[in-house]
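[1] need coordinates for the below:
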Amino acid sequence: MTLEQWQTAGYSVRKGETAQMIWGKKVDKTNKAGEGFSYFPILFVFSNSQVDRTVRNFNSAAIKSETLPQADVASALGPVAGEDLPF
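    Residues are numbered from 1 along each chain as shown. Next comes the predicted model:
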C-alpha cells in the first residue's frame with residue numbers, strides 16, 4: 001500500500017524504511033486539446049512489515065489515559081503489531 005493508504009488505515013511507516021517502486025495500472029486520459037493519451041504511473045509502496053500501528057488518525061479525546069482505565073486504553077487502541085492489517 002502507498003504511504004497515504006497506510007496513514008488512512010491508521011498506520012505509520014517506520015523511520016528509515018524505503019519504499020518499493022512499482023508500475024501502476026494503465027491510465028487513459030484526455031488533455032485540454034482533446035487529444036487522448038495513456039501512461040503507467042509510478043507508485044511507491046510499503047509492505048506490512050515496514051509499518052506500525054499509530055493513534056494519530058483516531059479521536060485522541062476518546063483514548064486518553066486520564067479518561068479511561070489502562071485496560072480500556074489498550075482495547076481502544078486495538079490490536080498491536082499487525083494483527084488487524086487492512087488487507
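[2] wait, isn't residue 2 in contact with residue 45?
    Yes: if you go by C-beta atoms under 8 Å, residue 2 and residue 45 touch, sitting 5.7 Å apart. Where you see a C-beta, it was placed from the backbone N, CA and C, and this is true even at glycine.
[3] all strands of this structure, in order?
    11-13, 20-23, 27-30, 36-39, 42-45, 51-53 (DSSP state E).
[4] which residues touch the fourth one?
    It refers to strand 36-39. The contact list for strand 36-39, computed with C-beta atoms under 8 Å, 6 or more residues apart in numbering, reads 26-31.
[5] and the helices in the protein?
    3-8, 70-77 (DSSP state H).
[6] thinking again about what came up before, okay, the strands of the chain in TSV with mean pLDDT next?
    Listed next are the strands of the chain as TSV, based on pLDDT from 0 to 100:
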stretch	mean pLDDT
strand 11-13	93
strand 20-23	94
strand 27-30	95
strand 36-39	95
strand 42-45	94
strand 51-53	92
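[7] looking at the ones you listed, which one is packed in the most?
    When you average the neighbours per residue for each of those (mean count of other C-beta atoms under 10 Å), strand 11-13 leads with a mean of 19.
[8] partner strands of that one, parallel or antiparallel?
    Here strand 11-13 has these sheet partners by DSSP bridges: strand 51-53 (antiparallel).
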